[in-house]
Structure formats: C-alpha cells, structure tokens
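K.L.:
here is a sequence together with a model predicted from it:
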Amino acid sequence: MTIRALSLPPTDTEIDDWIAVLAAARAADLPQGPPPTRAEVAGRLRVTPARGRAALWTADEATGVAALILFTDEANAHTAFLDVLAVRPDARRRGLGQALWERVRDELLAHGRTSVSTLVDLGGPGQAFAESLGFENVLPMAWYEQDVTRQQPSAGTPAGASPGYELRAWHGLVPDDWAAPLATAHGAMEDAPMGDIDEKIEAWTPQRLHAAHRLVLDRGGEITTAAAVTPQGEVAAYTELVLPDPAGPRALQYDTVVAPAHRGHGLGRAVKLHMLELARHRYPALRRIATTVADENTPMRAVNESLGYRLDRPAAYYQLTL
C-alpha cells in the first residue's frame, strides 16, 4: 500500500476523495449522524489554525486519510493533535490504519513532539484502535445535541432574572471595543475540567480572540457570540455558536463561560437561550446544535439538560506519550 502526503492546500480532487472516506466511515460508525458537508471539510483542509501547521496523508485509491495539527505556539511545541485518522469500511483490517499511524508517528518524532492527543467516540472501532496504539483516556466527556425545532423551556425575561446585566450579540468578529473584555472572560475557561491533557492553555488576548473567530470565517463558516455584559463594560458570561457550513442543518456550540464573580445569576442559561433565539431566526435550515461537555463539569451539564440537550454519544480525549 502507498501512503502519500497531500499538497497544502489540497486540490479539489483530493478534497472530494477525502470527503468520500469520511462519509463512508461515518455511515458505518455513526449512522445516526449527518454526513460531513463539502463546505465544512474543505474549509478545515484548506485553512490551518494560526497556532498550528497541518500535515495530511491519503492512502491508495482514497481508502484512508489522516490529518495532524502540529502546534506552533511556544507553550505547545511539545505536543500535537491528531484531527483525523479514518479508513473506509471496505478497506479495514488490512493494516491500513496502522500504516497511516506510522506516517503520523514519524512526523511527530521528526518534529520533536513528545505527546499527541485526539478526540475519540467511545464504544466503537476508533476507541479500540486508539487503545491498541497505547493511547489513554485523559478526559471523559460526551456529545450532547439540542433539537432546535422543538420548543425550549423559557427562562423568563433575562433582565428580570438577572438584574444589572444586558444581553448583547455579535455576528462574525467581535467589535474592537468588546474584544478585550471578551478575551478576559475567555480566561475563566482556565478552571474548566481539562483532565490530564498535555496541551497548555494560551493566555487570551484580543488578537488571539480575533484570530480564533477569523479562522471560522476563513473556513467558510459563521460564528455568533452572545454575551451578558455589565454597565461597567465587563463581559460576565458568553457563549459561541459556530456553523461550519452556514447552509447546513447542524451547528456547534463552542465555549460557554460565566466569569467566577458573576456565577449564580443564571447567566449561562440566559446567554444560551438568547443564542438559540437568534439562531432560529438567522438560520431557518438549522435543526440541531451539538456540543461536548466533560463528565465532571456538572454545572454545565445541568444547564444544558434544562435547555433540552440530550446525550448523543460518549467520547473522550485520548492521549499518547511518545
């Protein structure tokens, strides 16, 4: 079998072949989920995160693919993220997954990486394969989904429930005058459960915030931030909704954070409800919102459950020390 590195960015033909592998693997392993859209996959392949460098491989006749992100920020120059390793169902059990992994491992060692992590759906072939390579579960979590078409529980009037706060929303890049307060609020993510993940959290700055949001836009997606703010100009809580394919039926709920000094006022629930109302009006084709929550993050799991999120499937961050 032949494993070859893809050009960066990949050609249209290479992208089509990549999508075919992912679609076949998903149909076999996660038949209840929607197939990947071309817009979403093409965006991820063509535009690498600002803090990383991509390496992509494909096998003979598009039977398997692998994607590795080598972090380039100084704090994480020791680690990397295995974004994709998928083999078409009719080509499995022939050593193809192992051959792809060997190319990934060679790349990691060539760049001095001492660890690599990946997100794994539990209970399927991905978990078995990761564990066969020596990966270990370092952060148990799960995927949860919300049906946007269903009437959600009402939180009442947010201003009445949370006096002293105003709800704001920004589509696309956050305005410059709110970038610094929002970056400060992002810093509250530092107390979120991270298990034993080797990746270090970078300090959030307005520049990093805009770079993260611009990545979504450059990949062809859309991002909306809903926030609860104070009269003093603080961002007390926020949530982010990302549509990798704005024409698709599925969105991803990114971070939802309440700053420590503002907890206990129902702000996490308020910003999520505000986001849901905005999304329903802006994206009529939207049907489901998916998000991950660490098993030990009990407060956020409770908020999500009250808003109609239901367990979709268990997952975990797996990590290997090289």
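P.N.:
Okay, I see it. Computed from a prediction, not measured in an experiment: that's the story for all the values here. Numbers count the residues shown, from 1 in each chain.
K.L.:
any regions of this structure where pLDDT drops low?
P.N.:
Within the chain, the ranges that satisfy pLDDT under 70 run 151-161, 191.
K.L.:
contacting residues around the residue nearest to residue 170 when sequence neighbours are not counted?
P.N.:
Once flanking residues are discounted, residue 170 sits nearest to residue 225: 5.0 Å by C-beta to C-beta, 6 or more residues apart in numbering. Every residue, glycine included, has its C-beta placed from N, CA and C. By C-beta atoms under 8 Å, 6 or more residues apart in numbering, the residues touching residue 225 are 169-170, 174, 182, 213, 238-240.
K.L.:
could I get these as JSON lines with secondary structure?
P.N.:
Below are those laid out as JSON lines (DSSP: H, G, I helix; E, B strand; the rest coil):
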{"residue": "169", "secondary structure": "strand"}
{"residue": "170", "secondary structure": "strand"}
{"residue": "174", "secondary structure": "coil"}
{"residue": "182", "secondary structure": "helix"}
{"residue": "213", "secondary structure": "helix"}
{"residue": "238", "secondary structure": "strand"}
{"residue": "239", "secondary structure": "strand"}
{"residue": "240", "secondary structure": "strand"}
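K.L.:
any idea which helix or strand comes after the lengthiest helix in the chain?
P.N.:
For the chain, the helix reaching the highest residue count under DSSP state H is reported as helix 12-29. Next in sequence after helix 12-29, counting helices and strands by DSSP states H and E, comes helix 38-46.
K.L.:
contacting residues for the closest residue to residue 86 other than its chain neighbours?
P.N.:
Counting by C-beta to C-beta, 6+ apart, residue 25 is the residue found nearest to residue 86 once chain neighbours are left out, at 4.4 Å. Residues in contact with residue 25 (C-beta under 8 Å, 6+ apart) are 86-89.
K.L.:
out of those residues, who has the most neighbours?
P.N.:
Taking other C-beta atoms under 10 Å as the neighbour criterion, residue 87 ranks highest of the contacts of residue 25 with 25 neighbours.
K.L.:
ranges for the helices of the protein?
P.N.:
Using DSSP H, helices in the chain cover 12-29, 38-46, 96-110, 125-132, 158-161, 176-186, 206-218, 267-282, 298-306.
K.L.:
among those, which is nearest residue 317?
P.N.:
helix 125-132 (10.5 Å; C-beta to C-beta).
K.L.:
identify the residues contacting the closest one?
P.N.:
29, 85, 92, 97, 118, 120-121, 318.
K.L.:
show me what the nearest residue to residue 52 once chain neighbours are set aside is bridged to.
P.N.:
Leaving aside its sequence neighbours, residue 52 sits nearest to residue 69 (C-beta to C-beta, 6+ apart; 4.2 Å). Using DSSP bridges, the beta-bridge partners of residue 69 come out as residue 54, residue 81.
K.L.:
please report how far residue 172 lies from residue 222.
P.N.:
7 Å (C-beta to C-beta, to the nearest Å).
K.L.:
same question, residue 243
P.N.:
Taking C-beta to C-beta, one finds residue 243 at 5 Å from residue 222.
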